[in-house]
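K.L.:
For reference, the sequence and a predicted model appear below.
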Amino acid sequence: MKFFRSPQATPYLLLLPAIIVILAVVLVPLLVSFWTSFTSYNLVRPDSLYNFVGLRNYRRLIGNDDFWWAFGRTVVFITIALNLEMLLGLGLALLVNRITWGQRTLRTIMMFPMMFSPILVGFQFKYLFNDSVGLVNNALFALNLIDKPIPWLVNGWLANFSIIVAEMWMSTSIFAILLMAGLLAMPKEPIEAAKVDGCNAIQVFRHITLPFLMPFIWIAMTIRSLDVARAYDMVKIMTNGGPAGRTELIWTLMTRTGYQNAQMGMANAMGYISILLSIAFTIMFYRNLTKARVFMGGAQ
Amino acid sequence: MTIEKPWQRWLLRITLFIAMMILVVPGAWVVLTAFRPNVEVMARPPVWIPEVWTLDNFLGIFGLLPDRQQGLPVERYFINSLVISLTSTVVAILVGMMGGYAFARYRFKGKGALFLSFMLSRTVPGVALSLPLFILWSKVGLIDTKFGLILVYMAINIPFTIWLTDGFFRQIPADLSEAAQIDGCTRWQAFWKVEFPLARSGLASAGIFAFLTAWNEFALASQLTRTTASKTMPVGLMDFTAQFTVDWTGMSAMAVLIIIPALILTFIVQKHLIAGLTFGGVKG
């Protein structure tokens, strides 16, 4: 008891509530699911929770093509979406930064998509890409670009394309806002000096603006990689993994296995693999962030 | 800045205009649809700007139209969402602030490891957490309760709040609170009178993030809620999909109801939002 009254205990006491909540809501469930991933746990037969099957679920997953397709699609999806969002967000931030008059209004408009919840974005784009009443097809018809409706969400390739478009609409502005903040924080003197020395716009961007922005780019990547699985909500609504599993991501496959097929054990094994994937992405970006921060100086 | 030629200035303006259109139109289209009659949605050639503005879609989802019987318990969903989001945000901010303060002001054993574990707990995707939480919550009777969801959203938001507030408290020089303590304040008083007011804008941006996360969350809510006792707005949105058809006008009306609180809150604190994002993270 003496320890808790001593000054050394203060930080631990301050952190105690946070630790308790995380233990109860994240760690304990994860341990439970870690256990169930080694059992044949089936929602319909609750006693199967205690039926230990060792690595059987994982072995089956390794031999399961559907799973590996979903896994690969998830990695590709994240890679494409994150990179495009970053590039477009950077472009948007640079553009808005050039505007001096009405910049605050533009920044506010830029935040508009951030207020939409991913599930709403899913419904919205399901509506926009609808083949008979959707805005996209209507516009293409009005411009005389097509003569029969394009089945955006029914064709496998187009469905994947549509999902990436929706994801980019939702998240590009997050990158733009973060990079915008970086541009606002940037000192003006180095740019002036470079211009005096005869650098052109591209050289200034390449050698001064971009290195300064790098930490902001990585922090944006880190923040976004923390919620990569947001795509679940969208995909669930837009295609629900279809047509014929062509847009199935690891997460949609997982909930389908767990709740519809009731194979909780198997689904939790997938869950573990998806958690490892998320952690890998986060660590990768976080390490880049720490590296880029070294060049920033100031508070570490 | 170099002097631009007129054509460059116009190119910039046009590009920006197109970019802003792309950002606004998809969302605005859903908002427009909320106010148009169903015949206009189905119309061909399409009706771009609603010719008839109507509130029927809103009345419809509340079941206030005499001829249509499709009322949903939207007000219950809305209240559930509000209670769950606000409670979890307030608690997450309080708990997160304590944690952030501890990380920013104290040296202690295991600090780095603890900070890392908090961050790692945030990397667990909501979908992946929904299965184990479902198992556990059904054992302890928290399925379909507001408390069950509040607890979950707290846990999701606490790590991020710690991260942000840690950054904000670090920015406030420690000398300020020390000076206050020399002047006779206790550490507690120094915190409330000196450091807390300075960190307020940071806490506001952490708050809006926490609120939006809870308000918009779907993956966990859809598995942990069952009835009007705890269903939230995003889960309620699912009520509009039948097997093959979606009631677009009703869905759009509901969408507007989900967006409004998010929109109002974000506009109120949007100035702090940019500062909150950068300082909390980059300097961390």
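P.N.:
It's in.

K.L.:
Just the pLDDT for residue 235.
P.N.:
Here I'm looking at chain A. Per-residue confidence (pLDDT) for residue A:235: 90.

K.L.:
wrong one, I was asking about chain B
P.N.:
90.

K.L.:
so does the helix or strand encompassing it get close to chain A?
P.N.:
Secondary structure from DSSP states H and E places residue B:235 in helix B:233-236. Yes: with Cβ under 8 Å from any Cβ of the partner chain as the criterion, chain A is reached by helix B:233-236 at residue B:234. Yep, even glycine has a C-beta here, placed from its N, CA and C like the rest.

K.L.:
Just the helices from chain B, written as ranges.
P.N.:
Along chain B, counting by DSSP state H, helices occupy B:6-34, B:38-42, B:56-61, B:74-105, B:111-123, B:126-140, B:146-171, B:174-182, B:187-190, B:196-216, B:219-224, B:233-236, B:248-282.

K.L.:
Setting the sequence-adjacent residues aside, check what's closest to whatever residue of the stretch 51-200 of chain A ends up closest to chain B.
P.N.:
Among all residues of the stretch 51-200 of chain A, residue A:117 sits closest to chain B, at 3.0 Å; criterion: Cβ to the nearest Cβ. Among residues not flanking residue A:117 along the chain, residue B:216 sits closest, at 3.0 Å (Cβ to Cβ, 6 or more residues apart in numbering or on different chains).

K.L.:
repeat for residue A:86
P.N.:
With Cβ to Cβ, 6+ apart as the criterion, residue A:86 has its nearest non-adjacent residue at 5.4 Å, and that residue is residue A:175.

K.L.:
Run a quick neighbour tally on that neighbour.
P.N.:
For residue A:175, the neighbour count with other Cβ atoms under 10 Å in any protein chain shown is 27.

K.L.:
Next up, identify which helix or strand it is on.
P.N.:
Judged by DSSP H and E, residue A:175 forms part of helix A:156-185.

K.L.:
picking that back up, my guess is the residue nearest to residue A:117 meets residue B:234, correct?
P.N.:
Yes: assessed by Cβ atoms under 8 Å, residue B:216 is found in contact with residue B:234 at 6.4 Å.

K.L.:
just to revisit the earlier point, for the helix holding residue A:175, could you pull out the residues that count as buried?
P.N.:
A:158-160, A:162-183 (16 or more other Cβ atoms under 10 Å in any protein chain shown).

K.L.:
What is that helix packed up against?
P.N.:
Packing partners of helix A:156-185 (3 or more Cβ pairs under 8 Å, 6 or more residues apart in numbering or on different chains; DSSP states H and E): helix A:65-98, helix A:103-110, helix A:118-128, helix A:210-226, helix A:231-238, helix B:6-34, helix B:248-282.

K.L.:
pLDDT (mean, whole number) over stretch A:62-70?
P.N.:
Here the average pLDDT along stretch A:62-70 is 89.

K.L.:
Identify the residues contacting it?
P.N.:
By Cβ atoms under 8 Å, 6 or more residues apart in numbering or on different chains, the list of residues contacting stretch A:62-70 from outside reads A:61, A:245, A:248-250, A:252-253, A:270.

K.L.:
what's in contact with stretch B:155-166?
P.N.:
Applying Cβ under 8 Å, 6+ apart, the contact partners of stretch B:155-166 are A:18, A:21-22, A:24-26, A:226, B:88-89, B:92-93, B:95-97, B:99-101, B:103-104, B:115, B:118-119, B:121-122, B:126, B:199, B:202-203, B:205-206, B:209-210, B:213-214, B:217, B:276, B:280-281, B:284.

K.L.:
so can I have CSV of the helices and strands packed on helix A:156-185 showing mean neighbour count?
P.N.:
CSV is the format used below for the helices and strands packed on helix A:156-185 (neighbours: other Cβ atoms under 10 Å in any protein chain shown):
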stretch, mean neighbour count
helix A:65-98, 18
helix A:103-110, 16
helix A:118-128, 26
helix A:210-226, 21
helix A:231-238, 26
helix B:6-34, 15
helix B:248-282, 20
